[in-house]
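Trainee: sharing a model prediction with you, sequence too.
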Amino acid sequence: MNRQRRARIVATLGPASRAPGMVKALAQAGVDVFRLNFSHGSHEDHAANLKAVRGAEMAVKRPLGVLADLQGPKLRLGRFADVEIAVKPGHQMRFDLDPTPGDATRVQMPHPEIFKALREGMLLLLDDGRVRLRVGKRTDEWCDVTVESGTKLSDRKGVAVPEAIIPVSALTAKDREDLNFALRIGVDWVALSFVQKPEDMAELKSIVKGRAACLAKIEKPQALDDLESILDYCDGVMVARGDLGVEMPAEEVPVAQKAIIRAARQRGVPVIVATQMLESMTSAPAPTRAEASDVANAVYEGADALMLSAETASGDYPLEAVGIMNRIMERVESDPLWPSLMDAEHAGMEGFDADALVAAARKAGEAQSTGCIVVFTTLGGTARRMSRERPLQPVLALTPKPETARRLALVWGLEPRLGKEPTSLEDVTEDAVTSAMQYGLAEPGQRILILAGTPFGAPGAANLLRLAHAPAKGKARK
């Protein structure tokens with residue numbers, strides 16, 4: 001079941017979509033990767049979700065990825081004696097470490113690491129930015145604040161500090177427990193929330209040890225300042241516009257989105273655009289025109305994947321949300337302008353043989369007689385290199401490893417499928433042609449471009465580019 005588009009769809013599972021029949025329907029509607037949001041649900045829920053995805057995978061006969069999204073550190077206020085207080089611009093109060101329920105003059109902020117990072121004049125954002133505060137006098141145990149905007153504060157509202165790096169690990173005790181469970185049940189991707197610095201991703205990778213691909217969620221301004229270094233440790237990256245939009249002015253978020261996509265594409269790192277893509281469809285059967293344009297623009301920018309959150313997790317129209325996102329993607333990719341946008345930017349070659357071969361394959365694939373490109377890959381590196389070039393022909397990624405195929409389900413333009421390990425050049429040619437025709441990616445007489453690495457069966461970069469044809473009687477020839 002091939003997709004008629006190159007961009008991919010990530011859908012979040014939740015109460016509205018976790019039933020096995022719905023998971024199968026969502027996969028049939030076009031979902032490529034399913035997200036398990038560890039901010040909600042029990043381990044039992046997530047294990048059942050993953051089992052449902054594996055069942056849907058057999059039904060649609062193509063690999064489906066599973067992404068475990070860790071909650072990350074949540075910085076919150078303490079509690080108020082009356083649950084809620086009224087505030088207005090100019091209101092002054094103190095945040096401290098005292099757990100006594102607060103009032104209009106003071107309240108607990110149980111995070112000494114925040115007090116240590118604060119400086120006078122810094123901005124604090126509470127309740128997803130609904131209340132803005134300015135820091136006055138401070139110590140390592142308390143700070144005075146003045147309200148700049150907002151009307152009320154209530155128990156346990158979130159705290160954001162956009163102008164400081166908070167010295168906390170991006171992996172909380174809960175995250176470590178969730179991560180161990182996610183790896184045990186066999187997820188394909190792990191997403192780390194609130195990444196601030198490269199060391200956050202390095203810590204995640206040291207724990208994962210290759211058992212899953214690791215993805216950084218960019219939702220802190222500090223991460224943008226060190227984006228290139230963070231990408232050094234990433235197998236994927238997400239433009240997490242929800243929290244990013246809280247900590248940055250609204251006009252900066254589209255610029256940040258483009259910068260992240262551009263940097264990721266240069267590296268060949270898969271990039272997901274997330275949050276509020278079709279938000280109105282949580283309660284309406286059709287998106288707004290602005291949402292349709294938002295989805296389309298992300299496809300025009302060359303994002304690998306777009307993500308649905310509440311739309312599929314708890315919304316009233318999960319299937320419809322996937323369906324309309326699929327149709328928008330297909331429509332954009334049929335626009336005569338779209339190929340020139342994909343061809344306008346190619347990453348510079350790093351001097352490796354594989355880069356030269358991939359660039360040559362993309363150029364050779366521009367001939368009208370080319371049906372598809374077939375990449376033999378063990379760990380997925382060559383396939384991701386091919387995707388980075390944004391070829392307009394279908395790319396069939398054949399791998400003997402199910403985990404590799406599932407990870408590649410997130411990557412732009414790839415049709416990952418399981419295939420046997422080739423043992424000779426003849427095997428490579430025959431398997432490539434047979435598979436390309438079996439999956440409907442090439443027709444008799446069309447050229448098939450083949451990328452592989454020798455020695456066969458050993459992980460490593462591609463060093464072989466071969467041309468084959470699919471003749472009418474099915475036997476390949478050079």
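Mentor: Structure received.
Trainee: where along the stretch 251-400 of the chain do the strands fall?
Mentor: For the stretch 251-400 of the chain, the strands defined by DSSP state E, counting those that start in this stretch cover 271-274, 305-308, 370-376, 395-399.
Trainee: wait, isn't Asp343 in contact with Arg390?
Mentor: Yes - the pair Asp343 / Arg390 is scored as a contact, 7.1 Å apart, by CB atoms under 8 Å. C-betas here are computed from N, CA, C, even on glycine.
Trainee: these two: which is more packed in?
Mentor: Just comparing Asp343 and Arg390: by other CB atoms under 10 Å the higher neighbour count belongs to Arg390, 20 against 14.
Trainee: which one is that one nearest to, not counting chain neighbours?
Mentor: Spatial nearest neighbour of Arg390, excluding adjacent residues (CB to CB, 6 or more residues apart in numbering): Met342 at 4.2 Å.
Trainee: burial measure for the one you found, as a count.
Mentor: Neighbourhood size, Met342 [other CB under 10 Å]: 19.
Trainee: again with the one 4 residues further on
Mentor: Residues lying near His346 (other CB under 10 Å) number 14.
Trainee: again with Thr100
Mentor: Using other CB under 10 Å, Thr100 has 12 neighbouring residues.
Trainee: give me the below-cutoff pLDDT ranges for the stretch 201-350 of the chain.
Mentor: Low-confidence segments of the stretch 201-350 of the chain (pLDDT under 70): 347-350.
Trainee: helices of that one, start to end?
Mentor: All helices of the stretch 201-350 of the chain, identified by DSSP state H, counting those that start in this stretch, fall at 221-225, 227-231, 241-247, 253-267, 289-300, 310-313, 318-333, 338-343.
Trainee: now, of those, which is deepest in the fold?
Mentor: Most buried of those by mean neighbour count (mean count of other CB atoms under 10 Å) is helix 310-313; its value is a mean of 26.
Trainee: give me the contacts around that helix.
Mentor: 11-17, 26, 37, 40, 277-279, 281-282, 317-318, 321-322 (CB atoms under 8 Å, 6 or more residues apart in numbering).
Trainee: could you do stretch 73-88 as well?
Mentor: Stretch 73-88 has contacts (CB under 8 Å, 6+ apart) with 93, 95, 99, 101-104, 107-111, 114, 126, 131, 147, 150-161, 166, 168-170, 172, 193-194.
Trainee: end to end on that stretch, go ahead and measure it.
Mentor: Terminal residues of stretch 73-88 lie 28 Å apart, using CA to CA, to the nearest Å.
Trainee: any idea of the mean pLDDT in that stretch?
Mentor: Taken as a whole, stretch 73-88 has an average pLDDT of 94.
Trainee: what do you get for stretch 111-119?
Mentor: Mean pLDDT, stretch 111-119: 95.
Trainee: cool, stretch 467-478 as well?
Mentor: For stretch 467-478, mean pLDDT rounds to 66.
Trainee: same check, this time on stretch 45-53
Mentor: Mean pLDDT, stretch 45-53: 98.
Trainee: quickly list the domain ranges of the protein.
Mentor: 8-72+170-334, 84-160, 353-469 (automatic domain parsing).
Trainee: ends of the second one, how far apart?
Mentor: Which is domain 84-160. Length of domain 84-160, first residue to last, CA to CA: 19 Å.
Trainee: buried residues in the longest helix along the chain?
Mentor: The longest helix of the chain (DSSP state H) is helix 43-60. When burial is assessed from 16 or more other CB atoms under 10 Å, helix 43-60 yields the following buried residues: Asp45, His46, Ala47, Ala48, Asn49, Leu50, Ala52, Val53, Ala56, Glu57, Val60.
Trainee: before we move on, what about stretch 456-469?
Mentor: Ala461, Ala462, Asn463, Leu465, Arg466, Ala468, His469.
Trainee: include distance to Ala359 and secondary structure when you put the residues you listed into CSV, please.
Mentor: Below are the buried residues of stretch 456-469 laid out as CSV (distance: CB to CB, whole Å; DSSP: H, G, I helix; E, B strand; the rest coil):
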residue, distance to Ala359, secondary structure
Ala461, 13, coil
Ala462, 12, coil
Asn463, 14, coil
Leu465, 10, strand
Arg466, 16, strand
Ala468, 20, strand
His469, 22, strand
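Trainee: closest to Pro287 among these?
Mentor: Nearest to Pro287 out of the buried residues of stretch 456-469 is Ala462 (CB to CB; 40.5 Å).
Trainee: show me the contacts for that closest one.
Mentor: Taking CB under 8 Å, 6+ apart as the criterion, Ala462 is in contact with Asp353, Ala354, Leu357, Val358, Val375, Phe376, Thr382, Arg385, Leu451, Ala452, Gly453.
Trainee: from these, which has minimum pLDDT?
Mentor: Comparing the contacts of Ala462 by pLDDT, Asp353 comes last, at 75.
Trainee: just give me the neighbour total for it.
Mentor: 13.
Trainee: check contacts around the closest residue to Ala298 other than its chain neighbours.
Mentor: Using CB to CB, 6+ apart and skipping the chain neighbours, the partner closest in space to Ala298 is Val273 (4.3 Å). Contacts for Val273 (CB under 8 Å, 6+ apart) come out as Met238, Val239, Arg241, Gln257, Ile261, Ala298, Glu301, Ala303, Ala305, Leu306, Met307.
Trainee: mind checking how far Val273 is from Leu408?
Mentor: In this view, Val273 and Leu408 are 19 Å apart by CB to CB, to the nearest Å.
Trainee: what do you get for Pro198?
Mentor: 25 Å.
Trainee: circling back: now distance to Leu70 too, for the helices of the stretch 201-350 of the chain, in a markdown table please.
Mentor: Output for those, formatted as a markdown table (distance: least, CB to CB, whole Å):
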| stretch | distance to Leu70 |
| --- | --- |
| helix 221-225 | 15 |
| helix 227-231 | 16 |
| helix 241-247 | 14 |
| helix 253-267 | 19 |
| helix 289-300 | 23 |
| helix 310-313 | 16 |
| helix 318-333 | 23 |
| helix 338-343 | 32 |
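Trainee: mind checking which of those helices is nearest Val187?
Mentor: Among these, helix 310-313 comes nearest to Val187, with 16.7 Å by CB to CB.
Trainee: show me the beta-bridge partners of the residue positioned nearest the centre of the chain.
Mentor: By CA atoms, centre = their mean, the chain has its centre lying nearest to Ile272, at 3.7 Å. Under DSSP bridges, the beta-bridge partners of Ile272 are Met238, Ala305.
Trainee: quick one: contacts for it?
Mentor: Neighbouring residues of Ile272 by CB under 8 Å, 6+ apart: Val10, Leu215, Gly236, Val237, Met238, Val239, Ala303, Asp304, Ala305, Leu306, Met307, Leu410.
Trainee: ok, so of these, who is nearest Leu418?
Mentor: Closest to Leu418, out of all of these and judged by CB to CB, is Leu410, at 16.7 Å.
Trainee: now the closest one, what's its secondary structure?
Mentor: coil (DSSP: H, G, I helix; E, B strand; the rest coil).
Trainee: can you count the residues close to the closest residue to Asp226 other than its chain neighbours?
Mentor: Excluding its sequence neighbours, the residue lying closest to Asp226 (CB to CB, 6+ apart) is Lys197, at 5.8 Å. By other CB under 10 Å, the residues close to Lys197 number 17.
Trainee: about what we covered before: which of Pro198 and Leu408 has more neighbours?
Mentor: Leu408 (28 against 19).
Trainee: I'd assumed Thr399 was in contact with that one.
Mentor: Yes - using CB under 8 Å, Leu408 is in contact with Thr399, at 7.5 Å.
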